[in-house]
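Colleague: generate coordinates for the sequence data below:
(2 chains)
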Amino acid sequence: MWKRRVYQILVKIAIYTASAAALLPLVLAMIYSVTSPSEITQYFSWLGDSARPEFLPVKVVPDTLSLRQYYDVLIEKLYYLRYLFNSAKYSVGIVLGQLAVAPLAAYAFSRFKFKFRDGLFFIYIVIMMLPFQAYMLANYFALDSIGLIDSGWSLIVPGIFSPFSVFLLRQYMVNVPDEIMEAASIDGAGPLMKLTRIMLPMVSPGLAAMVVLAFAESWNMVEQPLLFINDKYKYPLSLILQEITPVSMPDVFAAIALFVAFPVLLFLIFNEDVVRGIENIKLPES
Amino acid sequence: MKTKSARFIKIKQVPGRRPCRSPYGGSGAPMMKLTQFAKSKPALLFLAPSLIGLLFFYIYPFITGLRYMFMSSGFHAEFLGLHNIMSLFRSELFQTAMFNNAIFTLAVVPATLILSLVFAAFVWESMGAGRFFRSASVMPYVAPTVAVVLLWTLFFDINGPVNQILSWFGAERMDWVGTSRLRWLVITMYLWKNTGFNIILILASMNVVEKEVLESATLEGANAFRRMVWVVIPQILPTIFFVTTLSMVNSFRIFKEAYLIGGMYPDESLYTVQHFMYNQFASLNYNYVVSASVIFTLFVILLVGGLYIVEARSRR
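Modeller: Numbering: from 1, shown residues only, chains lettered A, B, ... in the order given. The predicted structure is shown next:
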């Protein structure tokens, strides 16, 4: 019996260690964002110093707390805030666009039978699974043909048609029982009415999951701006935060904390829905 | 029946009037045609916005771009046949990049599979801590990569905690960041980001394992490990295939990490096919970019197609 007990405790320890490992980098970023600038600068100046005899202990508790960096980032310098605003523009644009486009397509894939439906959905899945580099040139040609290269729209418009949201919502919509939709038809509702009045409220957890995942994905964009944007002022913050000098280190941590806060808070609000959404990811049974 | 319906129509028909006429006058106003089309094919109407966007930004330019594969670049393009692809494969830079990608995929796919299976089994067996663990394990997936790159390089610093932990086992201090060991940093970041996602998928599939079989196995005296290997894993095999495919496909998406750590021209060990494509794009060698895209696309089609077939078989 005690053997089983010990085993269970070990398993619990493993689970909590893994959770801690998953959260550690994010928690540390938060902690470093409120550590006093001089402390951060000194701490990171030891990095890469192979002459140092002893190891650098991971700093978990700051000696001096400070909000000076936040003052810098939010009020005084505005350098990071400008790019944060860019990121917000792009991500909100993409998410709103997907909310307009993806439910319609998901509804078509889940509720209608038409020619080439399964083949078409296969294409959606393939595009969803491709790395960005596989279609970067295609995106570039299309954007170039309508003159959007080097404009903020070049980051938004192709993202709106990302197939992942269609895929995710379809998984929810196929699980809505037929009887409910039929009852609506008998009451005289047309397809569009059925989608907006019945389907969308029923799959609202799926919409929440879609919004969180699409937002996180677009917030994390790195590859697209490198290719489509020449004007650095139009970059999202995700590309700016990698430029670090020892002097800017404290400010970078404050900016990182602010940057992480958006997708993480969104995730924390809807975390049950997002986990359920990921659980739903599987190939269609057809 | 026949006569009855014929008579029925006759009665209904008003002579001299066409049975179907648009209320707006004329024969078949465009509006009317559109609504009729919508009634007959509503699916296409719902699909249209997404499909048109996908065709315009992804599929059509991809297909028209294919011509670069067989042409020389520059203004006086001429047909070269398979010459571009041959020279791509002969290019030393591309070979290095392919090698790096292959190493990375081969390292990451089994590692993430084993890790996610073990932790899914732990959570599933212990039943406690499930909700917190699930949320915590998705967190790396939604956190932006750039936010954690700095901390991961800190962990892997020559004076950092990874070296410290290794030193407890008697290892020398190693330079992870300045050498080809940088690969390990990217592998760790991949595992950190994607394992939690896979755990969720596997845990979800474990919930449908038949409890009776499990209980009888327990009564027969099978311990947790044996129950896992002989009862649970055979039942969730399709999900394991799916997770494997997903990890493989995701392993092609390391450019973000590699770029944020090493920039556009990183250490040779971090130079991926994706870097190669960006650099070739910058020097306007579209033919190489297209050829590499086609290789990626074919690979993904094969993987997903194979998965479809495996899943269809296993369902039978």
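
Colleague: B:Leu106 versus B:Ala258, what's the distance?
Modeller: Separation of B:Ala258 from B:Leu106 (C-beta to C-beta, to the nearest Å): 16 Å. C-betas here are computed from N, CA, C, even on glycine.

Colleague: between the two, who's got more neighbours?
Modeller: B:Ala258 (25 against 12; other C-beta atoms under 10 Å in any protein chain shown).

Colleague: contact partners for the closest residue to A:Val222 other than its chain neighbours?
Modeller: Among residues not flanking A:Val222 along the chain, B:Lys256 sits closest, at 4.7 Å (C-beta to C-beta, 6 or more residues apart in numbering or on different chains). Residues near B:Lys256 by C-beta atoms under 8 Å, 6 or more residues apart in numbering or on different chains: A:Asn220, A:Val222, A:Glu223, B:Thr145.

Colleague: and those, which two are furthest apart?
Modeller: Greatest spacing in those, by C-beta to C-beta: A:Glu223 and B:Thr145 (11.0 Å).

Colleague: so, low pLDDT: which residues of chain A?
Modeller: Per-residue confidence for chain A (pLDDT under 70) gives these ranges: A:286.

Colleague: closest to A:Ile278 among the contacts of B:Lys256?
Modeller: Among those, A:Asn220 lies closest to A:Ile278 (C-beta to C-beta), at 16.3 Å.

Colleague: doesn't B:Pro144 make contact with that closest one?
Modeller: Yes: if you go by C-beta atoms under 8 Å, A:Asn220 and B:Pro144 touch, sitting 4.4 Å apart.

Colleague: so the two - more neighbours on which side?
Modeller: Neighbour totals were compared for A:Asn220 and B:Pro144, and B:Pro144 leads with 26 against 21 (other C-beta under 10 Å).

Colleague: wait, what's in contact with the more buried one?
Modeller: Residues near B:Pro144 by C-beta under 8 Å, 6+ apart: A:Ala216, A:Trp219, A:Asn220, A:Ser238, A:Phe259, A:Val260, A:Pro263.

Colleague: overlap between these and the residues near chain B?
Modeller: Restricting the contacts of B:Pro144 to those within reach of chain B (C-beta under 8 Å from any C-beta of the partner chain) leaves A:Ala216, A:Trp219, A:Asn220, A:Ser238, A:Phe259, A:Val260, A:Pro263.

Colleague: which ones among the residues you listed map onto helices?
Modeller: A:Ala216, A:Trp219, A:Ser238, A:Phe259, A:Val260, A:Pro263 (DSSP state H).

Colleague: contacts only, for the residue nearest the centre of chain B.
Modeller: By C-alpha atoms, centre = their mean, chain B has its centre lying nearest to B:Val249, at 4.5 Å. With contact set as C-beta under 8 Å, 6+ apart, B:Val249 has these partners: A:Met129, A:Leu130, A:Pro131, B:Val300, B:Leu303.

Colleague: switch the cut-off to 6 Å
Modeller: With contacts defined as C-beta atoms under 6 Å, 6 or more residues apart in numbering or on different chains, B:Val249 is in contact with A:Met129.

Colleague: quick check: it is in a helix.
Modeller: Yes: in this structure, B:Val249 lies within a helix as judged by DSSP: H, G, I helix; E, B strand; the rest coil.

Colleague: residues in contact with the most centrally placed residue in chain A?
Modeller: A centroid search over chain A (C-alpha atoms, centre = their mean) returns A:Ala216, at 1.0 Å, as the residue closest to the centre. Residues near A:Ala216 by C-beta under 6 Å, 6+ apart: A:Pro263, B:Val142.

Colleague: what's the answer for B:Thr105, then?
Modeller: B:Thr105 makes contact with B:Ser251 under the criterion C-beta under 6 Å, 6+ apart.

Colleague: go on, the one 3 residues further on?
Modeller: By C-beta under 6 Å, 6+ apart, the contact list for B:Val108 reads B:Ile187, B:Tyr190, B:Ser251.

Colleague: residue contacts, B:Ser314?
Modeller: Contacts of B:Ser314 (C-beta under 6 Å, 6+ apart): B:Pro238.

Colleague: make it 10 Å
Modeller: By C-beta atoms under 10 Å, 6 or more residues apart in numbering or on different chains, the contact set of B:Ser314 is B:Leu237, B:Pro238, B:Phe241.

Colleague: mind checking what secondary structure the second one has?
Modeller: Applying three-state DSSP to B:Pro238 yields a three-state assignment of helix.

Colleague: so it makes contact with B:Leu201?
Modeller: No: counting by C-beta atoms under 10 Å, B:Pro238 stays clear of B:Leu201, with 11.0 Å between them.

Colleague: find residues that contact each of these two.
Modeller: Both B:Pro238 and B:Leu201 are contacted by A:Lys282, under the criterion C-beta under 10 Å, 6+ apart.

Colleague: with neighbour numbers in mind, choose between these two.
Modeller: Between B:Pro238 and B:Leu201, B:Leu201 has the larger neighbour count (other C-beta under 10 Å), namely 22 against 18.

Colleague: you'd agree that one is in a strand?
Modeller: No: counting by three-state DSSP, B:Leu201 is located in no strand; its state is helix.

Colleague: quick one: it from chain A, how far?
Modeller: 6 Å (C-beta to the nearest C-beta, to the nearest Å).

Colleague: mind listing what that residue touches?
Modeller: Going by C-beta under 10 Å, 6+ apart, B:Leu201 touches A:278-282, B:116, B:120, B:236, B:239-240, B:242-243, B:246.

Colleague: quick one: which helix or strand includes A:Ala142?
Modeller: According to DSSP states H and E, A:Ala142 maps onto helix A:132-145.
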